[in-house]
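Trainee: pasting a predicted model and its sequence here:
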Amino acid sequence: MMLSECSSINCAHAAEHISAVVKVVLFSYQLVAIQHSYIANGLEGTNGSLVVDLAKMKNISVEPVTFNAIVETGNRLGDIVLTLNDAGRRLPHGQSTYIGIGGHSGFDGFGYSSRMWGLTLDNVLSATVVLADGSIVTASEVEPRALLGSSASLGIAASIEFRTFAVPSEATAFEYGWDVDIATASNALKVFQTWALSGDVPAEFGGELFYVKGSDTDELNLLALGITTHVEVELYGGIGSSINKVSLDDTAFAHRNIALHFPALASSPYLRTPAIVSVFLMACYSL
């Protein structure tokens, strides 16, 4: 990844601020709106770019009649969860506290409650968006519908309206860990897949398998280098899953017929991916 040198950083406080900046530099800069990305999109691009930093846009409100939430895109999941919980409401969302809501809600947003309530994206009702010409529009399920499923492609989202759900009266979380050989781990995946497709899994159940390196002799070598790798096997679909009930044409998330989702993550303290991590990821994607 090559890091670009931006000419300036604009810290927006409202949609009108974003609009003003876009209009001023309309023909001079490449605009990049940043909040969160595993691949650091906001750090890469043409030298002389303008960065529009949304981190100051922190307002969150819950409408008292519909219980819809209006969330500005400078918010991260942790703050959103706490604020909604105080109002007795919840959203389906991912597991990382520091994920920015703009990108998270724009492309999927899977969490343990997603089989019951859908992805974060599925609960977006409308969004206030600044277009490339500086105009401010509200994208909804009705008009202009294309913007609602395009996320970052056509504009900068300033705020998003979400459908919310009542906080359940109770919830149970559990975790088991085993250090097993490859054959046993592989069989566990087969059993998990068979169960996921059986129709016996209630929509209220959300779960995943989490594969990391076991007690092999080179595990300490990887840790000493600051390299981590893992594969998650997330239970997306199956009979009764709200994720599978959404039409393919309704959102930007295209994988509505899947039962299991396999995100693979590898990280290191270097700008370049170590060879051992590249081999690991290529092996995952070739399955």
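Mentor: Alright, I've got the coordinates. What you see is a predicted model; the values in this text were computed from it and never measured. Residues are numbered from 1 along each chain as shown.

Trainee: helices of the chain, residue ranges please.
Mentor: 15-24, 77-86, 101-107, 114-117, 145-148, 182-196, 219-224, 242-245, 275-285 (DSSP state H).

Trainee: where among the ones you listed is the average confidence lowest?
Mentor: For the helices of the chain, the weakest mean pLDDT is recorded on helix 219-224, namely a mean of 52.

Trainee: quick one: low-confidence parts of the stretch 151-287 of the chain?
Mentor: Residues of the stretch 151-287 of the chain meeting the criterion pLDDT under 70: 151-152, 215-227, 270-274, 276-277, 280, 284, 287.

Trainee: if we use 50, what do you get?
Mentor: Along the stretch 151-287 of the chain, segments meeting pLDDT under 50 span 217, 220.

Trainee: circling back: the helices of the chain: which one's closest to Val65?
Mentor: Val65 lies closest to helix 77-86 among the helices of the chain, at 16.1 Å (CB to CB). Yep, even glycine has a C-beta here, placed from its N, CA and C like the rest.

Trainee: mind listing what the closest residue to Leu248 other than its chain neighbours touches?
Mentor: Nearest non-adjacent residue to Leu248, counting by CB to CB, 6 or more residues apart in numbering: Arg256, 5.3 Å away. Neighbour list for Arg256: Ile243, Asn244, Val246, Ser247, Leu248 [criterion: CB atoms under 8 Å, 6 or more residues apart in numbering].

Trainee: do you know how far Arg256 is from Leu235?
Mentor: With distances taken as CB to CB, to the nearest Å, Arg256 is found 15 Å from Leu235.

Trainee: Ala87: how many residues sit nearby?
Mentor: 16 (other CB atoms under 10 Å).

Trainee: OK, contacts around it?
Mentor: So Ala87 contacts Val62, Phe67 (CB under 8 Å, 6+ apart).

Trainee: can you rerun that using 6 Å?
Mentor: The neighbours of Ala87, taking CB atoms under 6 Å, 6 or more residues apart in numbering as the test, are Val62.

Trainee: state the distance from Ala166 to Asp79.
Mentor: Distance from Ala166 to Asp79, by CB to CB: 20 Å.

Trainee: what about the residue nearest to Val25 when sequence neighbours are not counted, neighbour count?
Mentor: With CB to CB, 6+ apart as the criterion, Val25 has its nearest non-adjacent residue at 5.5 Å, and that residue is Leu50. Neighbour count of Leu50, defined by other CB under 10 Å: 19.

Trainee: what's the answer for Phe174, then?
Mentor: 5.

Trainee: kindly report the same for the one 5 residues further on.
Mentor: Using other CB under 10 Å as the criterion, Asp179 is surrounded by 9 other residues.

Trainee: Gly199 too?
Mentor: 9.

Trainee: need the contact list for it.
Mentor: Shown in contact with Gly199 (CB under 6 Å, 6+ apart): Ile239.

Trainee: one more time with 10 Å
Mentor: Going by CB atoms under 10 Å, 6 or more residues apart in numbering, Gly199 touches Gly238, Ile239, Gly240.

Trainee: so which of those residues comes closest to Val65?
Mentor: Using CB to CB, those come closest to Val65 at Gly240, 29.7 Å.
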